[in-house]
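# Below is the structure, and that's it, no one-letter string:
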């Protein structure tokens, strides 16, 4: 198979779009190595200091740790709750099905400002002090729907005959779940968790309404934007990016070699 | 050997089994006894309830009414994973995330059988797949997957092995080969096999006993030759092979036979080969039992003669030819004839007489339905009716 | 991968499940209770807030529950330009994102089908922005668009820009920022649709005398419609409520403020809760109406 010349324009256009998409990422990464002064706007020379002493800036590091905490906790809760809903939606028949679907669709169809303002009004009315817990509550809420969508696809593609075969082969309900259902759903669950994590980690708007005095990484950047974002913020964003990149790449490469190995065995 | 931990095959008995799904009834009042060690086939068109019957036995569905007994023990309320029954699924349902060996050992491990791997390896040898033990199901061909599915079930030495159209996904040649293999495995391990299929040829080749199912009921049960030679209902006569059927009133009763008036022509039927002996009856004869003649044959006591008719179409199938003969007042008759020298005389448009030996005639218990040979219940109208019933139920639920 | 979440036509839908079980409510209840408590109840709280009246008590400004629907009149009168601007920006950005995202999705889903390595590379690049702080990316554009920055410099050099011309804080920069932000959200659902597109449909169309352009409009586009609908929704809805790109600390200026900026400032800065709530409810109502008409007209109700 070769690329045809008629496809060249599409390839060139797409290439340009991809380069355009990468510009701000590359820019931010480059400026994480800038020997910055008070602001990090103009290039003053290369240094590794920002990377080596990132936590000297306690404010950035604290916000980053808060973000990680929030993302981990809300991902775990949202993935658990969302997976359960997804299984029920595909597998069982129950009343008010369309109402349930609507309730799941609505958070995705509601702009973040509205979600944020609504929760803030509720916390205000209930007299709840805003902080890490309210951020986690908010993030879990908007992640659930995305988890349901991601896992539902996986559940729907799972052949019910496999679980029946498990029962037929003397598997108790627990054995069938842990040895057949769960391993087969795992890729979907992992994808949903990754998505939740990314959404939560990068969320600013909802967080801004419900965080009180607590800072998260996006909130730190937003506040700092007024007076100049320090290079340490670039370091953290770039670091997170590289970790994610390595994770995704290793999964891809692992998969590639596995496929190759399998192809060899079956040949 | 693999037989060291389970009793041999056991009887399966269904007593008054019914199964209703929302909107339709899959099985009505079914009684069935399958003796231990037999190779039993449930044959019928899709939607006749045969797969549901199998799933009830496996414990994957619960009957609405009735009892299921295996080896005389009532297992109706026993969960599927505690039943001494294993299934070879239509789609094989091999666990995609496990190796072949893990798949085969799955049931043994759940039952905490100590030498599970050893036994699984042994049964893989039986299906000649020990070299594939460490592969994943997706790396095997359809026929190999089918053998793994069979091994995975057989290794547990169930009292009863259920096969749900396991050969449906294979091409013709492979299917023939697998049929023989299945048969030899059955005689080797001596289990009771219950095989569900819509392929009459498959059922005839493999099973000792066939039950023909239609619309949730068993129409007729017997050995393949009994069913073919002496069908008892219109459905069986048409589903198992082809038949020429005639309906008419009984006009004369003798000691050993009676005569039916079919549009003014007399057709004789042996009394012991008929289900009904008076009033309106349907009788029939298999197409290969018919002889064609250019001239009217001489009347004889043991011969039924129809004609003259005109050959409307001939199709050549190699070993034989199929002739369609239009007999005025009776309609189209099908004749299978070997391709001998005289066949040249029988071209389309040729006038012919048909005859057959009276002893080949059979008399049925019911009458054909108006709209044709048999009503399939998986056509669009029936499916739409099911959908509608489903929808109504769902709407009621929402209220 | 993560993009699975955006697919609307993911798996072949089987017959409706027949089984009823006590397990279903057990599985549904925790999640639905959570969403009710932290999504539905807040919406009601917001609705109630939007009708609140302001009173000046001994502790200063106080809000009491009332049915002051005039809040809506006041909010809409005062912020009509922002509302109009929000929808103008978000619709324009959605159209641009579609024009940019579709070719990318087509490249991945159709052109590179037989080149898995290239396909995964492009896919990774499209997903990459998900893993990079959205605020810092917007900030990067601000700095690139700065008056002394490279983009303005080049435009000056080309004579397209004179002294006094600027990029940041204009309609252009805000729409640019919105488009950029939501490209992956547009591209991924279209990609999942196109990836599942059976090439034989196109071959059949070609066999039936369709020219490539005709086939594209008559076959490819309709078959990728679920992806287009879900992509445009995933772009339009958040874009219409966004207030980062339009904020004057990022790519906007006071003259580009969108409804999100107004809600934010009324809520978090001036603490004028009833007006902020009325604006939120109005925004949500408009979006719900627009989305349901859109879904119905494009024939993809099963998106729900």
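Alright, I've got the coordinates. Being a predicted model, the structure only gives us computed values, none of them experimental.
# what residues are up against residue C:64?
C:52, C:53, C:55 (Cβ atoms under 8 Å, 6 or more residues apart in numbering or on different chains). C-betas here are computed from N, CA, C, even on glycine.
# Report the buried members of these.
The neighbour count (16 or more other Cβ atoms under 10 Å in any protein chain shown) marks residue C:52 as buried among the contacts of residue C:64.
# Just give me the closest of the contacts of residue C:64 to chain A.
Among the contacts of residue C:64, residue C:52 lies closest to chain A (Cβ to the nearest Cβ), at 9.7 Å.
# I'd guessed that closest one sits against residue C:272; true?
No - taking contacts as Cβ atoms under 8 Å, residue C:52 lies outside contact range of residue C:272: 10.3 Å.
# what's the closest of the contacts of residue C:64 to chain B?
residue C:52 (35.9 Å).
# Least confident secondary structure element in the chain?
With no chain named, the answer covers chain A. helix A:231-266 (a mean of 82; mean pLDDT, DSSP states H and E).
# my question was about chain C
Result, chain C / mean pLDDT, DSSP H and E: strand C:60-64, a mean of 77.
# What strands line up against it, and which way round?
strand C:53-57 (antiparallel) (DSSP bridges).
# rewinding a little: packing partners for the least confident helix or strand of chain A?
Contacts defined by 3 or more Cβ pairs under 8 Å, 6 or more residues apart in numbering or on different chains; DSSP states H and E place helix A:231-266 against helix A:8-31, helix A:49-52, helix A:58-91, helix A:217-225, helix C:116-127, helix C:134-144.
# Residue A:128 is nearest to which of the ones you listed?
Distance to residue A:128, taken as Cβ to Cβ, is lowest for helix A:58-91 among these, at 16.3 Å.
# So which bits of the helix or strand following that closest one are buried?
Per DSSP states H and E, the first helix or strand lying C-terminal to helix A:58-91 is helix A:97-105. Under the neighbour-count criterion of 16+ other Cβ under 10 Å, helix A:97-105 has A:97, A:100, A:103, A:104, A:105 buried.
# and what of stretch C:261-276?
C:261, C:262, C:263, C:264, C:265, C:266, C:267, C:272, C:273, C:274, C:275, C:276.
# Adding pLDDT, write those residues out as CSV.
CSV is the format used below for those (pLDDT from 0 to 100):
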residue, pLDDT
C:261, 94
C:262, 94
C:263, 94
C:264, 92
C:265, 92
C:266, 91
C:267, 90
C:272, 89
C:273, 90
C:274, 91
C:275, 92
C:276, 93
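# In a markdown table: those, plus secondary structure.
Output for the buried residues of stretch C:261-276, formatted as a markdown table (DSSP: H, G, I helix; E, B strand; the rest coil):
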| residue | secondary structure |
| --- | --- |
| C:261 | helix |
| C:262 | helix |
| C:263 | helix |
| C:264 | helix |
| C:265 | helix |
| C:266 | helix |
| C:267 | helix |
| C:272 | coil |
| C:273 | helix |
| C:274 | helix |
| C:275 | helix |
| C:276 | helix |
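# And the residue of the stretch 1-150 of chain A found nearest chain B, its phi and psi?
For the stretch 1-150 of chain A, the residue closest to chain B is residue A:95, as judged by Cβ to the nearest Cβ, at 5.7 Å. The phi and psi torsions at residue A:95 (degrees, to the nearest 10) take the values phi -70, psi 160.
# ok, now residue B:215?
phi 50, psi 50.
# pLDDT at it, what is it?
Looking at residue B:215, its pLDDT stands at 87.
# excluding its backbone neighbours, what's nearest the residue nearest the centre of chain B?
Centroid-nearest residue in chain B, with Cα atoms, centre = their mean: residue B:43, separated by 2.0 Å. The shortest distance from residue B:43 to any non-neighbouring residue, by Cβ to Cβ, 6 or more residues apart in numbering or on different chains, is to residue B:203 (4.3 Å).
# Please apply the same query to residue B:78.
residue B:59 (6.8 Å).
# contacting residues for that neighbour?
By Cβ under 8 Å, 6+ apart, the neighbours of residue B:59 are A:167, A:168, B:75, B:78, B:79, B:80, B:81, B:83, B:85.
# show me what contacts the first one?
Residue A:167 sits next to A:173, A:176, B:59, B:60, B:79, B:80, B:81 when contact means Cβ under 8 Å, 6+ apart.
# Between the residues you listed, which sits nearest chain C?
residue A:173 (9.7 Å).
# What residues does that closest one make contact with?
Residue A:173 neighbours (Cβ under 8 Å, 6+ apart): A:167, B:81.
# from memory residue C:137 sits against residue A:26, does it?
No - counting by Cβ under 8 Å, residue C:137 stays clear of residue A:26, with 10.6 Å between them.
# For the longest strand belonging to chain B, which strands pair with it and how are they oriented?
As assigned by DSSP state E, the longest strand anywhere in chain B is strand B:303-316. Note on strand B:303-316: by DSSP bridges, its sheet partners are strand B:320-327 (antiparallel), strand B:351-357 (antiparallel).
# Show the low-confidence segments of the chain, by residue range.
All of this refers to chain A. Within chain A, the segments meeting pLDDT under 70 span A:1-2, A:261-267.
# my bad, chain C
Scanning chain C for pLDDT under 70 picks out C:1-20, C:299-304.
# swap the cut-off to 50 and go again
Residues of chain C that meet the criterion pLDDT under 50 lie in C:1-17, C:304.
# Quick one: the helices in the stretch 201-350 of chain B, in order.
Assigned helices in the stretch 201-350 of chain B, in chain order: B:224-229, B:234-239 (criterion: DSSP state H, counting those that start in this stretch).
# Of all the helices and strands packed on helix A:231-266, which one comes closest to residue C:252?
helix C:134-144 (9.5 Å).
# ok, then the element right after that closest one?
With DSSP H and E, the next secondary element past helix C:134-144 is helix C:150-157.
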